[in-house]
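Visitor: Everything below, folded, please.
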Amino acid sequence: MKHADAVTAETVAEPMRGAAPGSGAPGLLARVLLAAVPVVSLGMMGALPSLVIAWRRGARADWIAAVVFTAVTVAWLFQAVLTPVESHGWQFAGDLVLLSLATVGAALHCLLASHRTGQRR
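Guide: The predicted model follows:
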C-alpha cells in the first residue's frame with residue numbers, strides 16, 4: 001500500500017509534460033480581459049492592470065510601472081477636469097498624450113509584461 005501512495009503522490013506533484021506553468025488559454029484570457037479595462041474605461045482605470053500585476057508578482061519593476069501608470073492616470077484626470085471643453089494647442093496635445101498613455105500604454109503594458117509569476121526580485 002505504501003508503494004501505491006508514493007506513486008500517486010509523485011503523479012499529483014508532477015505537472016503535465018509539455019505545458020509550461022502559467023501558459024494556456026485561461027492565462028491569456030485573463031491578461032486580455034485585464035488589458036481591456038483601461039480601453040473600455042477610456043483611461044479612467046488605466047492603473048488597474050499594472051497594479052494587479054504588481055500585486056500578484058511583487059517585483060520592483062512591476063511596482064515602478066504601477067506607480068508610473070497611476071501618476072499618468074491621476075494627471076489625465078486632473079487635465080480632464082481643469083481643461084476647458086474646447087482646447088487647442090498644448091492643452092489638447094497634453095490631454096491626448098495623457099489619454100493615450102492611460103489607455104493604450106496601460107493595455108500594452110499588461111499584454112507585453114513578462115509572463116513570469118511568483119518570481120520576486
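Visitor: C-alpha only now, for contacts and for neighbours.
Guide: OK.
Visitor: neighbours of Arg57, just the number please.
Guide: Counted with other C-alpha atoms under 10 Å, the burial measure for Arg57 works out to 19 neighbours.
Visitor: Output the below-cut-off pLDDT ranges for the protein.
Guide: Scanning the chain for pLDDT under 70 picks out the ranges 1-26, 114-121.
Visitor: go with 50
Guide: Flagging of the chain using pLDDT under 50 yields the residue ranges 5-20, 22, 118-121.
Visitor: secondary structure class for Met45?
Guide: Three-state call for Met45 (DSSP: H, G, I helix; E, B strand; the rest coil): coil.
Visitor: so what's the backbone phi/psi at it?
Guide: In this entry, Met45 is assigned phi and psi values of phi -120, psi 40 (degrees, to the nearest 10).
Visitor: ok, now which ones touch it?
Guide: With contacts defined as C-alpha atoms under 8 Å, 6 or more residues apart in numbering, Met45 is in contact with Val37, Pro38, Thr73, Ala102.
Visitor: what about the strand or helix carrying Ser100, distance to the chain center?
Guide: For Ser100, the host element (DSSP states H and E) is helix 90-100. In terms of C-alpha atoms, centre = their mean, to the nearest Å, the centre of helix 90-100 is found 22 Å from the chain centre.
Visitor: what kind of secondary structure is Leu29 in?
Guide: Here Leu29 is helix, with the state taken from three-state DSSP.
Visitor: That one and Cys110, how far apart?
Guide: As judged by C-alpha to C-alpha, to the nearest Å, Leu29 and Cys110 stand 12 Å apart.
Visitor: Next: Ala75.
Guide: Computed with C-alpha to C-alpha, the distance linking Ala75 and Cys110 is 20 Å.
Visitor: hey, C-alpha coordinates of whichever helix or strand Val39 is part of in CSV?
Guide: Assigned by DSSP H and E, Val39 belongs to helix 25-40. Taking Å, rounded to 0.1, in the frame of the first residue of the first chain, the C-alpha atoms of helix 25-40 are listed here in CSV:
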residue,chain,number,x,y,z
ALA,A,25,-5.9,29.8,-22.7
PRO,A,26,-7.1,30.8,-19.1
GLY,A,27,-3.9,32.9,-18.5
LEU,A,28,-4.2,34.5,-21.9
LEU,A,29,-7.9,35.2,-21.5
ALA,A,30,-7.3,36.8,-18.1
ARG,A,31,-4.5,39.0,-19.5
VAL,A,32,-6.7,40.1,-22.4
LEU,A,33,-9.6,40.9,-20.1
LEU,A,34,-7.3,42.8,-17.8
ALA,A,35,-5.8,44.7,-20.7
ALA,A,36,-9.3,45.7,-21.9
VAL,A,37,-10.0,47.5,-18.6
PRO,A,38,-8.2,50.8,-19.5
VAL,A,39,-9.5,50.7,-23.1
VAL,A,40,-13.1,50.2,-22.0
